[in-house]
Structures are given as C-alpha cells and as structure tokens.
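Novice: Got a predicted structure plus its sequence, pasted below:
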Amino acid sequence: MKFRKSNVQSKAYFLPELKFEKQALTSFAGLVILQKFFAAMNLKHRLQRCFAHLNNGKIFDRATVFLQLVVHLILGYRELQDSRYYRDDPLVKRLLGLNHLPDVATVINGGANVSHLAGPKCTAHSLPSRDRPGCQF
C-alpha cells in the first residue's frame, strides 16, 4: 500500500511519563529512554543533514530509514523481515516519528549502500568529542 508523505510522518516530541506501577506497556517500552537519548543527541536532525542530498521527493527519507535500521539492531533483530514483530508498535513509530513504518523492500532500497551515499557533512570528524565539544554537523 502506498502512503502520502503527510500520512506517514508525525511529530515525535512528546515523551510519555514512565511510572513503575501496573500498566499495559508494549514489549518495546524501553524505547522511551532511547527517544530521550536520541533527542538529546539531536540524532534525527543530524542524520537528515547527512542524507539531505538524497531525499528527492521520497515518502520515507533516508535519515528515517537509517534510523529504523539502527533501532532494528538495538532491538536485537538481525534480519529485516523481523520488522514484522514491531511494525504495529506505537512506541517504535513514535521514536521514528512515523505513523506507518516502511515495508522491508523500502528499507532495502532506501538503505542500500548507505556508507557511500552519505554526504560530505557526515563524517566521524563531525561528531562531538572531548576535544571538539561544540562541533556539530
């Protein structure tokens, strides 16, 4: 099924409050912590700048596809087909800022050969370090 870009993307600013009491949580409730960490690192914006030259009218931009691959690995999955286990999880969608996750074929096509497609602004030297605390992409 094809979606419009406006139907796919959403805001990911709200962080749900975690309370350690009896709740109905999803299997991936720990992603709330990653959402806060990614926001503190401004990771999505940095990735968008890395892949800005490749987002020619794509519904799922390369930064989001790359971030989904990172989350996929963090969740412990190795095969892209395993994304079916979290396809409908609201916290995964919230972390990625999406209403719908891309199909496996879209992830394969959008994430293929990312290492040589990344722009010149996306280098290891661009990352902040102890020596360059203010360095930003």
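Specialist: Sure thing, it's come through.
Novice: What ranges does this protein have for its helices?
Specialist: For the chain, the helices defined by DSSP state H cover 5-8, 31-41, 43-50, 62-74, 90-96, 104-111, 114-117.
Novice: Contacts for stretch 72-83, please.
Specialist: Applying C-beta atoms under 8 Å, 6 or more residues apart in numbering, the contact partners of stretch 72-83 are F28, L34, Q68, Y85, Y86, V92, L101, V104, V107, I108. Where C-beta positions appear, they are placed from N, C-alpha and C, glycine not excepted.
Novice: wait, which of the helices of the chain is closest to N56?
Specialist: Closest to N56 of those is helix 62-74 (C-beta to C-beta; 10.2 Å).
Novice: Which of the residues in that closest one are classified as buried?
Specialist: R62, A63, T64, V65, F66, L67, Q68, L69, V71, H72 (16 or more other C-beta atoms under 10 Å).
Novice: Kindly report the same for stretch 30-37.
Specialist: L31, V32, L34, Q35.
Novice: Now do the second one against L54, distance only.
Specialist: Using C-beta to C-beta, to the nearest Å, one obtains 30 Å as the distance from V32 to L54.
Novice: If anything else comes up later, I'll come back, but that's it for now.
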